[in-house]
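J.: Take this sequence and fold it.
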Amino acid sequence: MNYLPSAEVQPKLTANASVIWLHGLGADGHDFEAIVPELNLPEALAIRFIFPHAPSIPVTINGGLKMPAWYDILEMSIERQVDLAGLNSSAKQIQALIDREIGRGIPADRIVIAGFSQGGAVAYQAALTYAQPLAGLLAMSTYFATKENIQPNAANKNLNIKIMHGSRDPVVDPSLGEQALDSLTEMGFQPSYKSYIMEHCVCAEQITDISAWLVKLLAPR
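T.: Coordinates of the predicted model:
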């Protein structure tokens, strides 16, 4: 199996949980690598962080030039015309990384999928359609691109979903985060939503909230 190349941050103790964290358009896995020490997680939590790198592909809104992307962005209104084939392909590659973590001894229900911006759209698809119950889904400054055609797997009907968005986001409008909340609720999920006074980024308050969420979600058992 050819897995996506990834940056990894290993815990000091033997890993007993994993977070697979997807970056946004034009970035790479190293983009969020530095967030791990900022989370200030207790050593006993022993989380392995995996930051996969999206491949470089031609992107339509970039004049067809290649850049790191999980799927093609066809127009500036990012949610209106979605490259579903590319998105689904990336979601399957993320699910392969989940499978690999299970093979490394991490139970599925101790694996969190996180995604920022374009990576968040892939995270929605990968987590909600996975065939085993996962620990959680963290969707940051993103949109639910496959809400009209996704077929969620019943295994994750009780998935812990946390949506975070900047109230001043000029790239992914806050309304798209709110639409994701509404769509998921209509599907029977119980997502939570929090808005931050920020643009298309991550802020200190948000990092504190992510840390508290992970501590509660992945407490050693």
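J.: Need the outlier residue of this protein, farthest from its centre.
T.: Gly63 (26.4 Å; C-alpha atoms, centre = their mean).
J.: Can you give the contact residues for the strand or helix carrying Ile210?
T.: Assigned by DSSP states H and E, Ile210 belongs to helix 204-217. For helix 204-217, the external contacting residues (C-beta atoms under 8 Å, 6 or more residues apart in numbering) are 19, 35, 38-42, 45, 47, 112, 135-136, 138, 140, 160, 162, 164, 194, 196, 198. Backbone N, C-alpha and C define where each C-beta goes, glycine included.
J.: let's see 7 Å
T.: Helix 204-217 is contacted from outside by 35, 38-42, 45, 47, 112, 135-136, 138, 160, 162, 164, 194, 196, using C-beta atoms under 7 Å, 6 or more residues apart in numbering.
J.: Pull out the buried residues from that helix.
T.: For helix 204-217, burial by neighbour count (16 or more other C-beta atoms under 10 Å) applies to 206, 210-211, 213-215, 217.
J.: again with stretch 94-114
T.: 94-101, 106-114.
J.: Could you tell me the end-to-end distance of it?
T.: End-to-end distance for stretch 94-114: 11 Å, by C-alpha to C-alpha, to the nearest Å.
J.: again, but for stretch 46-66
T.: Taking C-alpha to C-alpha, stretch 46-66 runs 37 Å from one end to the other.
J.: got it, and stretch 44-57?
T.: 39 Å.
J.: For PyMOL, what selects the buried ones among the contacts of helix 204-217?
T.: Listed next is the PyMOL selection for buried residues among the contacts of helix 204-217, using 16+ other C-beta under 10 Å:
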select buried, resi 35+39+41+45+47+112+135+136+138+160+162+164+196
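J.: Cross the contacts of helix 204-217 against helices and list the overlap.
T.: 35, 38-39 (DSSP state H).
J.: Show the pLDDT at Asn149.
T.: For Asn149, the pLDDT comes out at 92.
J.: tell me the phi and psi of it?
T.: Main-chain torsions, Asn149, degrees, to the nearest 10: phi -130, psi 0.
J.: Please report the number of neighbouring residues for it.
T.: 10 (other C-beta atoms under 10 Å).
J.: As a check, name the ranges of all strands in the protein.
T.: 6-9, 17-22, 47-52, 56-58, 66-68, 111-116, 136-140, 160-166, 192-196 (DSSP state E).
J.: how about TSV for these, with mean pLDDT and distance to Met76 added?
T.: As requested, the strands of the chain are arranged in TSV below (pLDDT from 0 to 100; distance: least, C-beta to C-beta, whole Å):
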stretch	mean pLDDT	distance to Met76
strand 6-9	97	30
strand 17-22	98	21
strand 47-52	98	26
strand 56-58	94	17
strand 66-68	95	15
strand 111-116	98	19
strand 136-140	98	21
strand 160-166	98	18
strand 192-196	98	23
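J.: any chance of the ones you listed in CSV, with distance to Gly29 too?
T.: Formatted as CSV, the strands of the chain follow (distance: least, C-beta to C-beta, whole Å):
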stretch, distance to Gly29
strand 6-9, 4
strand 17-22, 8
strand 47-52, 3
strand 56-58, 13
strand 66-68, 9
strand 111-116, 11
strand 136-140, 15
strand 160-166, 20
strand 192-196, 23
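J.: So for this structure, the centremost residue is which one?
T.: In the chain, the residue lying closest to the centroid (C-alpha atoms, centre = their mean) is Gly115, at 2.2 Å.
J.: That's all I had, so thanks and see you.
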